[in-house]
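Undergrad: sequence unknown, structure follows:
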């Protein structure tokens, strides 16, 4: 059982609403990531963090923002949701690269639908 | 052109069949190769990872990497209905900068029929 939790699992909201997707992990991992996943498409990295107060944008441009105030918590926020934000958002974490593999542990995902 | 190409399927096989899932890639800097399994309404979970070329076996699963052909495969022997899932290949280069980030394939949806 993965020790990384995402809430809400499913969210349907109207255009213009502010939403926050929560992600918490109990493994003490330094590195955390947000991916966007659409049907039949590869996972795209939208944000990552290598530690507290460290956040970077990923390869895929996103209007969302993230924060990393505590090691275990990495929330993603959309200030004004639009239908184009409809997607599955996956949070992941890893301890580090010393082994070289950068193996990620994923949460179950938050499926967002914006009407 | 995508850095990683994966046949999306869907692939449907009878129980007990040998399944072959494949990815090709274009970036010769990739050194770490992974296979993730994703059940419906769940996040991906790591199945296997290999470094550089060669084979790795874990129970019914075998991962193969051929760097000269830029081709990786996952074989599932004696496939079971519980293997029904989407399989994602992922890979990355070295340890520095953007090479740390994984590049994923689009996934192959597999159904094993009882």
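TA: Everything's here; your move. The structure presented is a predicted model; accordingly, all values stated were derived computationally and were not measured.

Undergrad: close to chain B: what parts of chain A are there?
TA: A:2, A:4, A:6, A:40-43, A:45, A:48, A:58-59, A:90, A:92, A:97, A:100-109 (C-beta under 8 Å from any C-beta of the partner chain). (C-beta placed from N, C-alpha, C; glycine too.)

Undergrad: if you count neighbours, what's buried in stretch B:67-81?
TA: In terms of neighbour count (16 or more other C-beta atoms under 10 Å in any protein chain shown), stretch B:67-81 has its buried residues at B:70, B:72, B:73, B:74, B:75, B:76, B:79.

Undergrad: restrict those to contacts with chain A.
TA: When contact is defined as C-beta under 8 Å from any C-beta, the buried residues of stretch B:67-81 do not meet chain A at all.

Undergrad: residue B:32: which of these is nearest?
TA: Proximity of the buried residues of stretch B:67-81 to residue B:32, judged by C-beta to C-beta, is greatest for residue B:72, which lies at 10.9 Å.

Undergrad: contacts only, for the closest one.
TA: Neighbour list for residue B:72: B:22, B:23, B:24, B:25, B:33, B:63, B:64, B:65, B:66, B:89, B:91 [criterion: C-beta atoms under 8 Å, 6 or more residues apart in numbering or on different chains].

Undergrad: in stretch B:40-54, what counts as buried?
TA: Using 16+ other C-beta under 10 Å, the residues of stretch B:40-54 that count as buried are B:42, B:43, B:44, B:47, B:48, B:49, B:50.

Undergrad: shouldn't the first one be in contact with residue A:90?
TA: Spelled out, that is residue B:42. No: in this structure, residue B:42 sits apart from residue A:90 without contact. The criterion is C-beta atoms under 8 Å, and the distance is 10.0 Å.

Undergrad: between these two, which contacts overlap?
TA: By the contact definition C-beta under 8 Å, 6+ apart, residue B:42 and residue A:90 are jointly contacted by residue A:109.

Undergrad: fine by me, we can end here.
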